[in-house]
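Q: Below is the structure, and that's it, no one-letter string:
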């Protein structure tokens with residue numbers, strides 16, 4: 001849990017350091033830090049992350065869950081030992097897929113209905129959250145291309 005909380009705090013700190021155009025202050029009709037064109041460029045270069053609460057939540061959630069049930073054994077060793085879990089995930093991003101499966105299964109339980117409805121008011125938003133989380137967690141497997 002300590003590792004997960006440190007990674008989550010790091011991701012939140014990173015998100016806080018990204019400047020969104022909406023955060024720029026207007027002073028006498030001008031942005032205090034950048035002109036509008038530069039603000040829009042900055043927003044584009046951050047992929048709009050800071051103006052999308054669902055993406056922000058997905059980043060923090062992914063950081064929190066990325067190592068659920070991790071045994072401390074690298075994926076390559078799990079493949080080498082021909083473990084059940086390696087076979088289950090076809091020897092690809094084993095720990096990451098396992099973390100995703102366990103976390104999503106828990107997140108989809110009745111206990112988290114209210115949280116899900118608050119974060120994802122529509123099935124499309126839930127699907128989008130799932131895609132963001134999957135892509136984020138899978139990206140933590142630095143060996144996989």
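A: Received it, and whenever you're ready, just let me know what you need. This structure is a prediction, so every number in the text was calculated from the model and none was measured.

Q: Tell me which residues of stretch 74-81 come out buried.
A: Neighbour-count burial for stretch 74-81 flags 75, 78-79 (criterion: 16 or more other Cβ atoms under 10 Å). The C-beta positions use only the backbone N, C-alpha and C, and glycine is treated the same way.

Q: Restricted to helices, list those.
A: Applying DSSP state H to these, the entries found in helices are 75, 78-79.

Q: Dump those into JSON lines; add pLDDT and distance to residue 60 as well.
A: Converted to JSON lines, these look like this (pLDDT from 0 to 100; distance: Cβ to Cβ, whole Å):
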{"residue": "75", "pLDDT": "94", "distance to residue 60": "24"}
{"residue": "78", "pLDDT": "95", "distance to residue 60": "27"}
{"residue": "79", "pLDDT": "96", "distance to residue 60": "30"}
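
Q: any chance of those in CSV, with distance to residue 6 too?
A: As requested, those are exported to CSV (distance: Cβ to Cβ, whole Å):
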residue, distance to residue 6
75, 21
78, 24
79, 28
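
Q: Tell me the one of those nearest residue 118?
A: Using Cβ to Cβ, residue 75 comes nearest to residue 118 of these, at 34.3 Å.

Q: Please list all residues in contact with the closest one.
A: With contact taken as Cβ atoms under 8 Å, 6 or more residues apart in numbering, residue 75 is in contact with 86, 91, 93-96, 141, 143.

Q: Least confident of the residues you listed?
A: Across the set of the contacts of residue 75, residue 143 stands lowest in pLDDT, at 83.

Q: Which strand or helix spans the residue nearest to the spatial centre of the chain?
A: Centroid check for the chain by Cα atoms, centre = their mean gives residue 59 as the closest residue, at 2.7 Å. Using DSSP states H and E, residue 59 falls within helix 53-65.

Q: what comes into contact with that helix?
A: Under the contact criterion Cβ under 8 Å, 6+ apart, helix 53-65 has outside partners 4-5, 7-8, 10-12, 15, 48-50, 99-100, 103, 119-120, 125, 128-129, 132-133, 136-137.
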